[in-house]
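Q: Structure for the following, please:
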Amino acid sequence: MKTLRKRKTKKSTNRRRPINVLASLLTTISLYLGLSSIFASIQQNYEAAAYFILGAIICDMLDGTVARMTHSISEFGKELDSLCDLVSFGVAPAVLIYHAYLYEEQQMGSAVGRAGSVVAICFVICAALRLARFNVYQSDRRDSFTGLPVPAAGGTVASFVLFMEYFELNVAYYVLGPLTIALAALMVSNVHYPKDKMKKVFVQAPAHGFRMLAMFVVVIAVFHYAITHHPVIVLLPLALAYVLFGVVDESLVWLKARRKALAQSSSGESSSGPSVSKSGERL
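A: Sure thing, here's the model as predicted:
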C-alpha cells in the first residue's frame, strides 16, 4: 500500500509541474519564426529569412526573461527552448547558408558548392551537440557559457547575410564557408562567453570608469551613425565583436596562466638550486 501511495504521489507531482504559458508561447513564436526563415530561404527571399532568425533571437531572449521574472523556470520550458533553438538557430541558418550562397555553386559543380552541404550539416550537428551539452552539464551555471551560444551563432550568420545583401557583395560564399565552420567549432569548444558577468560591467563601478565611459560614448556615436543609415550596418560588427570577445578573453586567460606557471617554475628552480657548503664545495 505504501508503494502504491508513493507512486500515486509521484504521478500527481509530475502532472502538477508548473508551465509558464507566456514564456512557452514566446518560445513557440521563436520556433514559428525559425520555420518561416526556412520557408523564406527555400523561396529565395534571403533578406526575410535573415530577419526571421533575428526575430527569433528576440523571442528567445524574452522567454528566458519572463521565466526568471515570474520565478517559474521548469524542465518543460528548458526542453522546449532547446528544441526550438535547434530549429531556429541551427537548421534555419544552415538552410539559409546553403540556399543563399552555396546551392548555385553546387549546381555549377564548383568545389565551394560541393562542400556547401557539408558546411551546413556540420553547423546543425554542432548546434545540437552544444544544446545537449548545455542541458546536461551547464544549465545551472550563472557566470558564463561554455562554447558559443547557438543563438549567437545563428544571429551571426543572419547578420552576415544581411550585410552582404545590403552592400551587394558577390564574394560571400568564399567567406561564409570558413565563417560557418569557425562558428560550428566555437559552439562545441571550451571557450567561455560571458553570461551574468556582463551585469558587473554595468552595475558595479569598474576601476577605470572614465575610460569605459569614454568608450561607451564612442560606441553610441558609431551606433547612431549606423542606425540612421541602416540597422544592417551595425548588426554584423556587434555579432562578430561578441564572437571574438570570447576568443580573445580565453586567449588572455591562457596567457596569464601560462606566465604564472612559468614564473612559479623559474622561482622553484632558483630556490631548489644546488646547495653550497661553507668551504665552497657543492653538496
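Q: tell me how far the ends of stretch 131-141 are from each other?
A: 14 Å (Cα to Cα, to the nearest Å).
Q: So for it, what gets flagged as buried?
A: Under the neighbour-count criterion of 16 or more other Cβ atoms under 10 Å, stretch 131-141 has Leu131, Phe134 buried. (C-beta placed from N, C-alpha, C; glycine too.)
Q: Give me the distance from that stretch to the chain's centre.
A: Relative to the chain's own centre, stretch 131-141 is displaced by 13 Å; criterion: Cα atoms, centre = their mean, to the nearest Å.
Q: shift numbering so it begins at 6
A: Done: numbering now begins at 6, and the last item shifts to stretch 136-146.
Q: ok, residues contacting it?
A: Residues outside stretch 136-146 that contact it (Cβ atoms under 8 Å, 6 or more residues apart in numbering): Lys83, Glu84, Ser87, Asp90, Leu91, Gly95, Phe150, Thr151, Gly152, Val155, Val193, Lys200.
Q: Just the buried residues out of the residues you listed, in ChimeraX syntax.
A: To isolate the buried subset of the contacts of stretch 136-146 in ChimeraX, counting by 16+ other Cβ under 10 Å, use the following:
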select :83,87,90,91,95,150,151,152,155,193
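Q: Tell me where the stretch 6-155 of the chain has helices.
A: Under the criterion DSSP state H, counting those that start in this stretch, the stretch 6-155 of the chain contains helices at 7-20, 26-47, 51-74, 80-91, 97-102, 108-113, 116-119, 121-138, 155-172.
Q: Looking at those, which is nearest to Ala266?
A: Nearest of the helices of the stretch 6-155 of the chain to Ala266, taken as Cβ to Cβ: helix 121-138 at 27.9 Å.
Q: re earlier: export the helices of the stretch 6-155 of the chain to TSV and tack on distance to Ala219?
A: TSV is the format used below for those (distance: least, Cβ to Cβ, whole Å):
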stretch	distance to Ala219
helix 7-20	55
helix 26-47	37
helix 51-74	28
helix 80-91	37
helix 97-102	36
helix 108-113	45
helix 116-119	43
helix 121-138	36
helix 155-172	26
